[in-house]
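Colleague: prediction below, plus the sequence it came from.
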Amino acid sequence: MTTLNASPHEMALAPIEVIHRNLDKLYGKGIWENYEIETISLDLGFVFDELTRDKLNLLQILEKFPEAFYKDVLFFLHGTEVINNNIADFDNFPIPSSLEVAFAHVEMAKLYPGKTYSSGVLKTIIYILTLEGYSEPVWPFNEMGVTSEDLHKGQEPEDTKKKEEAIKRYIGIMNDSDSRSNS
């Protein structure tokens, strides 16, 4: 079953890369990005919930301005929220967890490989990692530009391994909807 033929709930929870891929299949690359979200909703035969609308809005913006996620701190934070299945709340300043940042990075790298983060976004990521007690930039933070020198010392090797495992598990759980709604 493809994500676009899935139930509205399954579509909302699908990773953005899966939604993007299926929109490309349905409409063609470079086509759907210019459609109104309501048009896509009518084509599919159901009304989108708020999360699906947020994901489609995010994808349409990224298709025109992929650098926004990597260069604009506020866009990065709100985009990370949406990628992690949270409805965008522009009345609040989001502070995603390290797990959410890791998942957003992995998903974005599937769509836009090789992009680098601005110093402002990188400082924001380092701030989040510092809040959560990271001393080492485990994967995927090491590929995002975070170094050991950016973080405070003190984390035990066992804690580092637990953080690595938590990231892998979280990404696996978030991608689990891909196995239910993938083409």
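Modeller: That came in fine, so what should we check first?
Colleague: select the longest helix from the protein.
Modeller: helix 157-181 (DSSP state H).
Colleague: and it, what does it pack against?
Modeller: helix 8-13, helix 16-27, helix 98-111 (3 or more CB pairs under 8 Å, 6 or more residues apart in numbering; DSSP states H and E). To be clear about C-beta, it is placed using only N, CA and C from the backbone, and glycine gets the same treatment.
Colleague: low-confidence regions, this protein specifically.
Modeller: 1-9, 177-183 (pLDDT under 70).
Colleague: the residue most distant from the middle of it, which is it?
Modeller: Gly154 (29.0 Å; CA atoms, centre = their mean).
Colleague: so that residue sits against Ser135, correct?
Modeller: Yes - assessed by CB atoms under 8 Å, Gly154 is found in contact with Ser135 at 5.6 Å.
Colleague: report the distance from stretch 63-79 to the chain centre.
Modeller: 11 Å (CA atoms, centre = their mean, to the nearest Å).
Colleague: coming back round to it: dump the helices and strands packed on helix 157-181 into TSV; add mean neighbour count and distance to Thr52 as well.
Modeller: TSV is the format used below for those (neighbours: other CB atoms under 10 Å; distance: least, CB to CB, whole Å):
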stretch	mean neighbour count	distance to Thr52
helix 8-13	18	4
helix 16-27	19	8
helix 98-111	21	16
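Colleague: any chance of these in JSON lines with distance to Asn142 as columns?
Modeller: Converted to JSON lines, these look like this (distance: least, CB to CB, whole Å):
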{"stretch": "helix 8-13", "distance to Asn142": "28"}
{"stretch": "helix 16-27", "distance to Asn142": "21"}
{"stretch": "helix 98-111", "distance to Asn142": "11"}
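Colleague: identify the residues contacting the residue nearest the centre of the chain.
Modeller: Nearest residue to the geometric centre of the chain (CA atoms, centre = their mean): Ala104, 2.8 Å. By CB atoms under 8 Å, 6 or more residues apart in numbering, Ala104 lies in contact with 79-80, 83-84, 96.
Colleague: among those residues, the buried ones, what's the ChimeraX command?
Modeller: Applying 16 or more other CB atoms under 10 Å to these, the buried members can be selected in ChimeraX as follows:
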select :79,80,83,84,96
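Colleague: before we move on, back to that, other residues contacting the longest helix of the chain?
Modeller: 1-3, 6, 10-11, 13-15, 18, 84-85, 98-100, 102-103, 106, 132-136, 138-140, 155.
Colleague: so what's the gap between that helix and the chain middle?
Modeller: 14 Å.
Colleague: tell me the angle of it relative to helix 16-27?
Modeller: 20 degrees (axes from the mean of the first three to the mean of the last three CA atoms, to 10 degrees).
Colleague: how about the nearest residue to Asp132, chain neighbours excluded?
Modeller: For residue 132 the amino acid is Glu, not Asp. Ser98 (5.0 Å; CB to CB, 6 or more residues apart in numbering).
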